[in-house]
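Novice: model the following, please.
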Amino acid sequence: MEQTDPIIQTKLHRPPLPRDLVARPRLSELLAAHTSPPLILISAPAGYGKSTLAKCLVEAFDCPSTWISLDEHDDDLVIFLGYFLSAIQLIHPGIGGETSALLKVSPLPPLRTLTTSLINELDQIEGKYLLVLDDYHCIHEASIHQLLDQLLLHPPLNFQLILSTRLDPLLSLTKLRAHADVVEFRAEDLRFSIQETRQLLKKISELKLMKRR
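Specialist: Residues are numbered from 1 along each chain as shown. Below you'll find the model as predicted:
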């Protein structure tokens, strides 16, 4: 099975922070209480600022990072892994050759073979690095969930994943929680406080005034 669709490079670009961004240090403090968990899960309905939080967390981390903006066309194991490896290669060009070669084999090797190859290759990376999967709710393919599940249950030493989604992913969250391997941001965490709402309205007013000048 061979990937026929080319990689859309702009899907690997981290979107800029909004101009009306309100600093929310309390969310960073929630993360600071944990020691580099393999998974940071941002799960809330549309409109709660999940992608903005992911961008802010990336800005706060002092390490190489890479980003994938997912959509319904990525709901295929070969396409998904193609983007995954392309994103990793933006920050570590020498990684992923073996797994990429396996994606071109017909028939596709067993999922366990692909997962083992991916984990072993990622484990070669020295130094902490971060991958963001934005809009993961677009993914429904069971094999993709299973691959990520195994990756997080047997994480490479320096790997950290931020997963932004409207729906809880089909991952072993109970096991990850039991081993303190996940930090979760939920709708109640993302809701603006009264002070943050005031700050946002003030910034919006200032931007409107600037446009009128």
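
Novice: spatially nearest residue to Leu167, not counting backbone neighbours?
Specialist: His137 (4.7 Å; CB to CB, 6 or more residues apart in numbering). In short, each C-beta sits where N, CA and C put it, glycine included.

Novice: pLDDT below threshold where in this protein?
Specialist: 1-5, 20-23, 25-26, 29, 31-35, 193-213 (pLDDT under 70).

Novice: now do the helices in it.
Specialist: 25-32, 50-60, 77-91, 97-102, 111-122, 142-153, 173-178, 187-190, 194-212 (DSSP state H).

Novice: for this protein, which residue occupies the most central location?
Specialist: Val132 (2.2 Å; CA atoms, centre = their mean).

Novice: what about that residue, distance to Arg112?
Specialist: 26 Å (CB to CB, to the nearest Å).

Novice: what does Glu72 give?
Specialist: Distance from Glu72 to Arg112, by CB to CB: 26 Å.

Novice: same thing with Gln150?
Specialist: In terms of CB to CB, Gln150 sits 8 Å off from Arg112.

Novice: out of the two, which sits in the more crowded spot?
Specialist: More crowded of Gln150 and Arg112, by other CB atoms under 10 Å: Gln150, with 19 against 11.

Novice: excluding its backbone neighbours, what's nearest the more buried one?
Specialist: Thr115 is the one closest to Gln150 (CB to CB, 6+ apart), at 4.7 Å.

Novice: so what's the residue count around that neighbour?
Specialist: What Thr115 shows, counting by other CB under 10 Å, is a neighbour count of 20.

Novice: next one: it from Val78, what distance?
Specialist: In terms of CB to CB, Thr115 sits 14 Å off from Val78.

Novice: same deal with Gln124?
Specialist: 22 Å.

Novice: what's the burial count for Leu108?
Specialist: 17.

Novice: and it, how far from Val78?
Specialist: For Leu108 relative to Val78 (CB to CB), the value is 7 Å.

Novice: skip the chain neighbours and tell me the closest residue to Glu126.
Specialist: Asn158 is the one closest to Glu126 (CB to CB, 6+ apart), at 7.0 Å.

Novice: quick one: contacts for the one you found?
Specialist: Residues in contact with Asn158 (CB atoms under 8 Å, 6 or more residues apart in numbering) are Ile125, Glu126, Gly127, Lys128, Tyr129.

Novice: output the residues you listed as a markdown table; include the columns neighbour count and distance to Lys175.
Specialist: Formatted as a markdown table, these follow (neighbours: other CB atoms under 10 Å; distance: CB to CB, whole Å):
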| residue | neighbour count | distance to Lys175 |
| --- | --- | --- |
| Ile125 | 18 | 24 |
| Glu126 | 8 | 27 |
| Gly127 | 10 | 27 |
| Lys128 | 15 | 23 |
| Tyr129 | 20 | 23 |
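
Novice: so of the residues you listed, which ones are in strands?
Specialist: By the criterion of DSSP state E, membership of the contacts of Asn158 in strands covers Tyr129.

Novice: which residues does Leu130 contact?
Specialist: Neighbours of Leu130 in contact, by CB under 8 Å, 6+ apart: Val58, Phe61, Cys63, Pro64, Ser65, Thr66, Gln160, Leu161, Ile162.
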